[in-house]
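Colleague: Structure for this input, please:
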Amino acid sequence: MVDDKNFFKSLGFEIIEIDPGPHVNCDFCNEEYMDSDECGGILFESKAVCPKCAPQCEMMAKKYKEERFIFDRAKPDEKFKDFVYRIREKEKK
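Modeller: Numbering: from 1, shown residues only. Sure, this is the predicted structure:
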């Protein structure tokens, strides 16, 4: 995976990081998951896809041969919000 931050810095762009706080929304349907215990989800490119949207997203990725853009999946029994928090922590490093 390309280190986008350093790439854009090398082009002279200023990198601004925004803390989204505890809010967790699906990047496809925009449903709020901060208080939800629903499990599942995927990371498609840089988009957090909720358990409801993930099957359709995976089907379309397969149809268009874009499975390689599914970069992560929720662990078995991992809540979607915890999956998103885990991704956010990984991105901080």
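
Colleague: pretty sure I42 is in contact with A54, am I right?
Modeller: Yes. Counting by CB atoms under 8 Å, A54 is a contact partner of I42 at 4.9 Å. (Glycine included, C-beta is placed from N, CA and C.)

Colleague: Please determine how far the most far-flung residue of the chain relative to its centre is located from R73.
Modeller: Ranking residues of the chain by C-alpha distance from their mean position (CA atoms, centre = their mean) puts G12 at the top, at 26.4 Å. G12 is 36 Å from R73, where distance means CB to CB, to the nearest Å.

Colleague: Repeat that for K47.
Modeller: Distance from K47 to R73, counting by CB to CB: 13 Å.

Colleague: can you check V24 too?
Modeller: For V24, the distance to R73 (CB to CB) stands at 16 Å.

Colleague: which residues of this protein score low on pLDDT?
Modeller: Filtered on pLDDT under 70, the chain yields the residue ranges 1-3, 93.

Colleague: redo that, cut-off 80
Modeller: Applying pLDDT under 80 to the chain flags residues 1-5, 16-20, 91-93.

Colleague: For it, which segments count as helices?
Modeller: All helices of the chain, identified by DSSP state H, fall at 4-10, 54-63, 80-92.

Colleague: Can you lay out these as a markdown table showing distance to F28 and mean neighbour count?
Modeller: Below are those laid out as a markdown table (distance: least, CB to CB, whole Å; neighbours: other CB atoms under 10 Å):
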| stretch | distance to F28 | mean neighbour count |
| --- | --- | --- |
| helix 4-10 | 21 | 11 |
| helix 54-63 | 7 | 14 |
| helix 80-92 | 12 | 16 |
